[in-house]
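Q: What shape does this take:
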Amino acid sequence: MRVFLSAVVWALASVLIITLVTLPINTRTQLIASLLVVGVMAIIRVLKAEGKWRLVALAFGSAMILRYVYWRTTSTLPPVNQLENFIPGLLVYLAEMYSVLMLALSLFVVSMPLPPRPPYSKRQDGELPTVDVFVPTYNEDEGLLANTLAAARNLDYPPEKLTVWLLDDGGTLQKRKSANVLDARAAEQRHNSLKLLCKDLGVNYLTRDKNEHAKAGNLNNGLKHSTGDLVAVFDADHAPARDFLLETVGFFADDPKLFLVQTPHFFLNPDPVERNLRTFEKMPSENEMFYGIIQRGLDKWDAAFFCGSAAVLNRKALDVSNGFSGVSITEDCETALDLHSRGWHSIYLDRPLIAGLQPATFASFIGQRSRWAQGMMQILRFRFPPLKRGLSFPQRLCYMSSTLFWLFPFPRTIFLFAPLFYLFFDLQIFTSSGGEFLVYSLAYMVVNLMMQNYLYGSFRWPWISELYEYVQTVHLLPAVVSVMLNPRKPTFKVTAKDESVSVSRLSEISRPFFVIFFVLLVAFAISVYRVYSEPYKADVTLVVGGWNLLNIILAGCALGVVSERGERQSSRRVKVSRRCEFGIDGRWFTATIEDVSANGTAVQVYTEGFQGISVEKLGTLRFQPYSDLPVSDLPVEIRNFDTVGDVTTIGCRYKPQKATDHRLIADLIFANSAQWTQFQISRRHNPGIIGGTIWFLGLATYQTGRGLSYLVRNTSRDSAAASRR
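A: Okay, here's the model as predicted:
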């Protein structure tokens, strides 16, 4: 009876909303309704009302957006017999409808995400399952691999139940027998060097004959040679905290049909957008919206998916699916889709338990995103989640949201160039007055921003999503079109790890951004001219010119994104505070480790009369590891120092000489996962729509100037080089 009454209530509410949405009203009434809706949503937000009130605010916003959709559909499309107007007008309309569809899917997924899961009850060692840890690698640096493998060896887990595997696809027999002698020699040298590293660290080294099916094939080869009940997967640059397994494996005992426990990806370094805009310490990272909100929303509907790393999987489930799927180049999401359709379940644990590295250069960042976009398009083409047998209806919607998202380059491109249709060619893509456009479209934009703020709050600031989409669109659009025309063409390409930018420069793929920016500037000048030369069209010209101005702001901020800042540090430092002793020339001094990075550490020595220090001199750090190792010594090289009073701050570079040294480095950087949670929380606050917009305008203004200054310097340098030739 309760279900029947609920269905009746929902049906009546739907009829009421449709009636209100389609009610014919004049522009003034629409303006009043818009102001009322915005006011109600603002009041609920100011009062910080959650739960059902949050849904009430989202419902008001949804009604206003549906009202906009009805108006756009029935009143604004150009006549079909005017093809020069109808075709671009229809493209803009379809782009908007895509945005509305994605908003609807987002509302379904994240309107009420699951709260963070409580920890499961810990079990005794004898009850714990056996675990194989896979670290797949292709061309990563040996030092990077040493840190990750050492962190895996330091995991707090019974040693007899833990086996760590390095799955090396860079030293396969196929590569060692290559017809290219240099390539063959490099592969042979890598093969021998990594085998020795694994032996020293107590890790199993495994390679294969041929590089088939990329990462999926490499992981499946690992499955063939291992026997653990569970499989933990870490990318080559993703090092786990000591408590990773203890926080995750217990969930599998509670649910025999559980195939996945996924944890978030935390990164020690900023992505190129954060680095070049200098927002890493101030603003949540882009990936935090996905891992902090979206994955929790997917988890509510049993649709949290495998993200390729920082996860534990059930071998029984992988046996059912014949291992990791390899049809697409995103084997992680594809594998999860396959197992969800077979009735297996997944869990998302919202706690950072690994620390990794992001691409440092803009070109590598785009390469990574192109692979993700193409892989999701392949899943959409070959697996087609909406009709995938075995999925529940909510799971179909969740996978639709995850795959269709990567079509954003199409609407983003249309929104970028739509004002130019009118300003350059006088095409009428809207059949409405400037007043109607403002009343409906401005209300739509404001409500959309408010709903985004409700959904993502302190995890995503206003206009940042638009900036990330724009900087990716320029190069992702050809990649997405390519995979649509030839779905089997894309191949797996490893994202460059541990890069650095030592000298400030323009990105090698920055030229299109400057071309677009100057085209938009020309369009802005034309809009100003047309306001004065055609006053009878001033209302429409002002609206379209304002739209173009918004695009200029985004495009100008993007100039700062592609202007790569030079950094002396090759990796980001993490704040810590650990007591230690610093040894030099046979003397030992009380000290504190202040911060650490993948390459070195800063140490404060508190001793009067500390002398004999000099750059490039060797020293020793002595400290108690978190792991089962005893108090140990780590050799370091002094890179710089600064003495103030009785305190000397020393910058050191690690000088590992044996396998234990790598385990000590991993212990310093990765052992304590609590520091990563604290860092994330320190960046999470909600500036609000007004505050966030003002901040973004200031950021965009500064970055536009910085990008143009890089262009001038780069042009001057090229001209000087040409004259010397």
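Q: buried stuff in the helix or strand where Leu182 lies?
A: Secondary structure assignment for Leu182, by DSSP states H and E: helix 181-201. Within helix 181-201, the residues that count as buried by 16 or more other CB atoms under 10 Å are Ala186, Ala187, Arg190, His191, Leu194, Lys195, Leu197, Cys198, Leu201. Using the backbone N, CA and C atoms, a C-beta is placed for each residue, glycine as well.
Q: Look up the closest residue to the fifth one, ignoring the ones flanking it.
A: This points to Leu194. Of all residues not flanking Leu194 in the chain, Asp168 sits nearest, at 5.6 Å (CB to CB, 6 or more residues apart in numbering).
Q: Beta-bridge partners for the one you found, please?
A: Counting by DSSP bridges, Asp168 is bridged to Thr137.
Q: residues near it, how many?
A: Per other CB atoms under 10 Å, the neighbour tally for Asp168 reads 26.
Q: Correct me if wrong: it contacts Thr137.
A: Yes - look at Asp168 against Thr137 with CB atoms under 8 Å: they come within range, at 5.5 Å.
Q: Which residues are in contact with each of the two?
A: In terms of CB atoms under 8 Å, 6 or more residues apart in numbering, Asp168 and Thr137 are both contacted by the residues Leu194.
Q: still on that earlier bit, which residues touch the residue nearest to Leu194?
A: Thr137, Arg190, His191, Leu194, Tyr205, Leu206, Thr207.
Q: And the third one, how far from Lys257?
A: Using CB to CB, to the nearest Å, His191 is found at 40 Å from Lys257.
Q: how close does Arg208 get to Arg505?
A: 39 Å.
Q: what's the answer for Leu423, then?
A: Leu423 is 33 Å from Arg505, where distance means CB to CB.
Q: Between those two, tell me which one has more neighbours.
A: Per other CB under 10 Å, whichever of Leu423 and Arg505 has more neighbours is Leu423, with 23 against 17.
Q: chain center to the helix holding Leu182: distance?
A: 32 Å (CA atoms, centre = their mean, to the nearest Å).
Q: pLDDT of it, averaged?
A: Average pLDDT, helix 181-201: 92.
Q: again, but for stretch 213-221
A: The average pLDDT within stretch 213-221 is 92.
Q: ok, now stretch 398-411?
A: In this model, stretch 398-411 carries a mean pLDDT of 95.
Q: Work out the gap between it and the centre of the chain.
A: 15 Å.
Q: do the same with stretch 115-122
A: 25 Å.
Q: tally of neighbours for the nearest residue to Phe382 once chain neighbours are set aside?
A: Leaving aside its sequence neighbours, Phe382 sits nearest to Val327 (CB to CB, 6+ apart; 5.3 Å). Residues lying near Val327 (other CB under 10 Å) number 18.
Q: And for the one 3 residues further on?
A: Each residue near Thr330 was counted by other CB under 10 Å, and the total is 29.
Q: circling back: output the contacting helices and strands for the helix holding Leu182.
A: helix 142-153, strand 162-168, helix 173-176, strand 204-206, helix 659-670 (3 or more CB pairs under 8 Å, 6 or more residues apart in numbering; DSSP states H and E).
Q: okay, the ones you listed in JSON lines with distance to Phe290 and mean pLDDT next?
A: Shown next, in JSON lines, are the helices and strands packed on helix 181-201 (distance: least, CB to CB, whole Å; pLDDT from 0 to 100):
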{"stretch": "helix 142-153", "distance to Phe290": "22", "mean pLDDT": "92"}
{"stretch": "strand 162-168", "distance to Phe290": "26", "mean pLDDT": "96"}
{"stretch": "helix 173-176", "distance to Phe290": "34", "mean pLDDT": "92"}
{"stretch": "strand 204-206", "distance to Phe290": "31", "mean pLDDT": "96"}
{"stretch": "helix 659-670", "distance to Phe290": "22", "mean pLDDT": "89"}
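Q: Now tabulate the ones you listed in CSV and tack on distance to Ala443.
A: CSV is the format used below for the helices and strands packed on helix 181-201 (distance: least, CB to CB, whole Å):
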stretch, distance to Ala443
helix 142-153, 50
strand 162-168, 54
helix 173-176, 59
strand 204-206, 59
helix 659-670, 49
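Q: So which of the contacts of Asp168 is the closest to Glu50?
A: Closest approach between those and Glu50, by CB to CB: Thr137, at 44.4 Å.
Q: for Leu621, helix, strand, or coil?
A: strand (DSSP: H, G, I helix; E, B strand; the rest coil).
Q: max-length strand in this protein?
A: What stands out as the longest strand in the chain, according to DSSP state E, is strand 632-644.
Q: Next, please give the residue ranges for the strands of the stretch 501-650 of the chain.
A: With DSSP state E, counting those that start in this stretch as the criterion, the stretch 501-650 of the chain has strands at 505-506, 563-564, 574-584, 587-596, 600-606, 618-623, 632-644, 647-654.
Q: what comes up buried for the longest one?
A: In other words, strand 632-644. Ser632, Leu634, Pro635, Val636, Ile638, Phe641.
Q: Next: the last one.
A: When neighbours are counted by 16+ other CB under 10 Å, the buried residues of strand 647-654 are found to be Thr648, Thr649, Ile650, Gly651, Cys652, Tyr654.
Q: mind putting the contacts of Asp168 in JSON lines, distance to Ile354 included?
A: Putting those into JSON lines (distance: CB to CB, whole Å) gives the following:
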{"residue": "Thr137", "distance to Ile354": "16"}
{"residue": "Arg190", "distance to Ile354": "24"}
{"residue": "His191", "distance to Ile354": "27"}
{"residue": "Leu194", "distance to Ile354": "21"}
{"residue": "Tyr205", "distance to Ile354": "22"}
{"residue": "Leu206", "distance to Ile354": "21"}
{"residue": "Thr207", "distance to Ile354": "24"}
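Q: of all those residues, which two lie farthest apart?
A: Using CB to CB, the pair of the contacts of Asp168 lying farthest apart is Arg190 and Leu206, separated by 13.9 Å.
Q: For the longest strand of the chain, which strands pair with it and how are they oriented?
A: Partners of strand 632-644 in the sheet, by DSSP bridges, are strand 618-623 (antiparallel), strand 647-654 (antiparallel).
Q: Which residue ranges of the stretch 201-350 of the chain form helices?
A: For the stretch 201-350 of the chain, the helices defined by DSSP state H, counting those that start in this stretch occupy 214-224, 244-248, 250-254, 272-277, 286-289, 295-300, 315-320, 331-341.
Q: chain center to the shortest one: distance?
A: Read that as helix 286-289. On CA atoms, centre = their mean, the centre of helix 286-289 falls 5 Å from that of its chain.
Q: With the third one instead?
A: Mean C-alpha position of helix 250-254 versus that of the full chain (CA atoms, centre = their mean) differs by 28 Å.
Q: pLDDT averaged over it - what is it?
A: Mean pLDDT, computed over helix 250-254, is 90.
Q: Would you mark the buried spots in that helix?
A: For helix 250-254, by 16+ other CB under 10 Å, it's Gly250, Phe251, Phe252.
Q: okay, those in JSON lines with distance to Ala373 next?
A: Shown next, in JSON lines, are these (distance: CB to CB, whole Å):
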{"residue": "Gly250", "distance to Ala373": "36"}
{"residue": "Phe251", "distance to Ala373": "31"}
{"residue": "Phe252", "distance to Ala373": "32"}
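Q: Out of these, which comes closest to Leu449?
A: Nearest to Leu449 among the buried residues of helix 250-254, with distances taken as CB to CB, is Phe251, at 37.2 Å.
Q: what domains does the record give for the chain?
A: 130-358, 574-681 (automatic domain parsing).
Q: what about the last one, how long is it end to end?
A: Just to be clear, that refers to domain 574-681. Its start and end residues considered, domain 574-681 measures 15 Å (CA to CA, to the nearest Å).
Q: now do the longest one
A: The first and final residues of domain 130-358 sit 31 Å from each other (CA to CA).
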